[in-house]
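Student: Need the 3D shape of this:
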Amino acid sequence: MNKLVLGLPKGSLQEATFGMMKKAGFRIDSGSRSYIPRVDDPTIDARLIRAQEISRYVELGMLDAGITGHDWIAENGSDVEEITELVYGKQGFRPVKWVLAVPEDSTITSVKDLQGKRIATEAVGLTNRYLEANGVQAEVEFSWGATEVKTPELVDAIVELTETGSSLRANNLRIVEVVLESTTRLIANKDAWSDKWKRTKIEQLAMLLQGALAAESKVLLKLNVAAAQLDAITSILPSLHAPTVNKLNTEEWVAVETVVDEAVVRDIIPELKKNGAEGIIELPLNKIIA
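Tutor: Now for the predicted structure:
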């Protein structure tokens, strides 16, 4: 049987990734200490690995494909195929940022002020390339964690990953500049991508994951309405394409279905009801394949 060895991120992205995989149609079971989770697809062998390492193992061919951040691909300088962008994170559906941050009372106001300074970060490669691009020489040291608390006693500045900035603010740090904006990516080993079966499997996985993400902020609305009121109802409804309209057993009434943004449903439903809609149902979606 053909097999695809797939690297999944262990740690902060794990729960969100498992959720996306489930919506895409793949159920994953993993014990708290297991690095080899079970997938209900016999053609996928999954491995739980730190996101920081996945791109290296994909490049080396130890993994056929993997899900990791663009930031770690760049940090490792990995030569891999980037198949698709998956915009989600541990706290929501937005890009994350590596930022240069300093204490609130620091005199540092730009990257140029880092000349001769000391910087702590987990992303040493990214930071060194950022400094080089700006013509700045500074000492960059690897941080094993708790990076935010190292200023100002141990270092002058940090380069840290943030989604909301709340942890930086809690530690009285301010953002000076954005070093890199990053999103999650599905990547593949170049030899695996050249293999017909593996490429097809990876493309299918990419399509299903994109479908799951597309459905994340959408819902399906179903309702019944008198045919005479149909134009009024369809003028209210935004839709992915045109609403689906089907006749009911009684010719005077029709059933309407449409996909809409979940954020607008609370405003639309009262208007639908006011214009004669009945039996309004809101349903969650797992996937939308365009």
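Student: Contact partners for residue 243?
Tutor: Applying Cβ atoms under 8 Å, 6 or more residues apart in numbering to residue 243 gives the contacts 234, 237, 256, 257, 258. Bear in mind the C-beta positions are built from the backbone N, C-alpha and C, glycine included.
Student: okay if I get the residues you listed as CSV plus distance to residue 288, secondary structure and neighbour count?
Tutor: As requested, the contacts of residue 243 are exported to CSV (distance: Cβ to Cβ, whole Å; DSSP: H, G, I helix; E, B strand; the rest coil; neighbours: other Cβ atoms under 10 Å):
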residue, distance to residue 288, secondary structure, neighbour count
234, 20, helix, 15
237, 16, coil, 20
256, 18, strand, 21
257, 13, strand, 16
258, 12, strand, 21
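Student: ok, of these, which one's closest to residue 69?
Tutor: The closest of the contacts of residue 243 to residue 69 turns out to be residue 258 (Cβ to Cβ; 34.8 Å).
Student: is it true that the closest one touches residue 236?
Tutor: No. The pair residue 258 / residue 236 is not scored as a contact, 10.1 Å apart, by Cβ atoms under 8 Å.
Student: any idea how far the strand or helix carrying residue 222 is from the chain center?
Tutor: Using DSSP states H and E, residue 222 sits in strand 218-226. Distance of strand 218-226 from its chain centroid, counting by Cα atoms, centre = their mean, to the nearest Å, is 29 Å.
Student: Buried residues, that strand. List them.
Tutor: Neighbour counts over strand 218-226 (16 or more other Cβ atoms under 10 Å) mark 218, 219, 220, 221, 223, 224, 225, 226 as buried.
Student: how close does residue 172 sit to residue 277?
Tutor: Residue 172 sits 52 Å away from residue 277 when distances are taken as Cβ to Cβ, to the nearest Å.
Student: Contact partners for the residue sitting nearest the centre point of the chain?
Tutor: By Cα atoms, centre = their mean, the chain has its centre lying nearest to residue 88, at 1.7 Å. Neighbouring residues of residue 88 by Cβ under 8 Å, 6+ apart: 16, 20, 184, 213, 216.
Student: Go again with 7 Å.
Tutor: Shown in contact with residue 88 (Cβ atoms under 7 Å, 6 or more residues apart in numbering): 16, 20, 184, 213.
Student: give me the element the second one is part of.
Tutor: The reference is to residue 20. With DSSP H and E as the test, residue 20 turns up in helix 14-24.
Student: Beyond that helix, next helix or strand please.
Tutor: strand 28-29.
Student: picking that back up, same drill for residue 172 and residue 277, tell me which one is more crowded.
Tutor: Neighbour count, other Cβ atoms under 10 Å: between residue 172 and residue 277, residue 277 has more, with 22 against 11.
Student: Name all residues that make contact with the closest residue to that one other than its chain neighbours.
Tutor: Spatial nearest neighbour of residue 277, excluding adjacent residues (Cβ to Cβ, 6 or more residues apart in numbering): residue 223 at 4.4 Å. Residues in contact with residue 223 (Cβ under 7 Å, 6+ apart) are 256, 272, 277, 278, 279, 280.
Student: how close does residue 223 sit to residue 262?
Tutor: 16 Å.
Student: what do you get for residue 164?
Tutor: From residue 164 over to residue 262 (counting by Cβ to Cβ), the distance is 21 Å.
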